[in-house]
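[1] Sharing a sequence plus its predicted fold:
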Amino acid sequence: MNHTAGFDVAKDVLILLLKLLAMCGCLVAAMLVIFFVSHRFLGEYKFLFLLVNLAVGLGSFCALLYSMGMLKEEMQKIEKKHRPWLFDQLGNRK
């Protein structure tokens, strides 16, 4: 194993974490925009305002679960790339 192998793994993991951070940032920005727009137009209708915010919260939770699944898949790809001896021919972990 050469000295750059550890750097390659760290670089791949850093890129993955930056992607995750960007996705979470976009999600938070979208939540804030929806919150303020719905407050502006539905502020006097408390029930509709709460309903919209509940839908945004549930959608955000689903997006969080999706991003965790994506993170797991990407980490497995990085592991297959840098440690191929841990996997059989079908790609399953030994």
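    Arrived safely. Numbers count the residues shown, from 1 in each chain.

[2] Next, the residue of the chain positioned farthest from its centre: secondary structure please.
    Largest separation from the mean C-alpha position in the chain: residue 44, at 34.0 Å (Cα atoms, centre = their mean). Following DSSP: H, G, I helix; E, B strand; the rest coil, residue 44 is assigned to coil.

[3] From residue 38, how far off is it?
    In this view, residue 44 and residue 38 are 12 Å apart by Cβ to Cβ, to the nearest Å. C-beta: built from backbone N, CA, C; applies to glycine.

[4] Check residue 50 too.
    Counting by Cβ to Cβ - residue 50 and residue 38 are separated by 10 Å.

[5] Residue 55 too?
    10 Å.

[6] out of the two, which sits in the more crowded spot?
    residue 38 (19 against 12; other Cβ atoms under 10 Å).

[7] Which strand or helix spans the more buried one?
    Using DSSP states H and E, residue 38 sits in helix 4-42.

[8] same question, residue 62
    helix 46-82.

[9] and that helix, what does it pack onto?
    Helices and strands touching helix 46-82, by 3 or more Cβ pairs under 8 Å, 6 or more residues apart in numbering; DSSP states H and E, are helix 4-42.

[10] Contacts only, for residue 48.
    By Cβ atoms under 8 Å, 6 or more residues apart in numbering, the residues touching residue 48 are 38, 42.

[11] List the contacts of the residue nearest to the spatial centre of the chain.
    Closest to where the C-alpha atoms of the chain average out (Cα atoms, centre = their mean) is residue 67, at 3.0 Å. Contacts for residue 67 (Cβ under 8 Å, 6+ apart) come out as 20, 23, 24.

[12] so which of those residues comes closest to residue 88?
    Nearest to residue 88 among these is residue 20, at 28.4 Å by Cβ to Cβ.

[13] Show the model's pLDDT score for the closest one.
    As predicted, residue 20 sits at a pLDDT of 86.

[14] how close does residue 28 sit to residue 18?
    Distance of residue 28 to residue 18, given as Cβ to Cβ: 16 Å.
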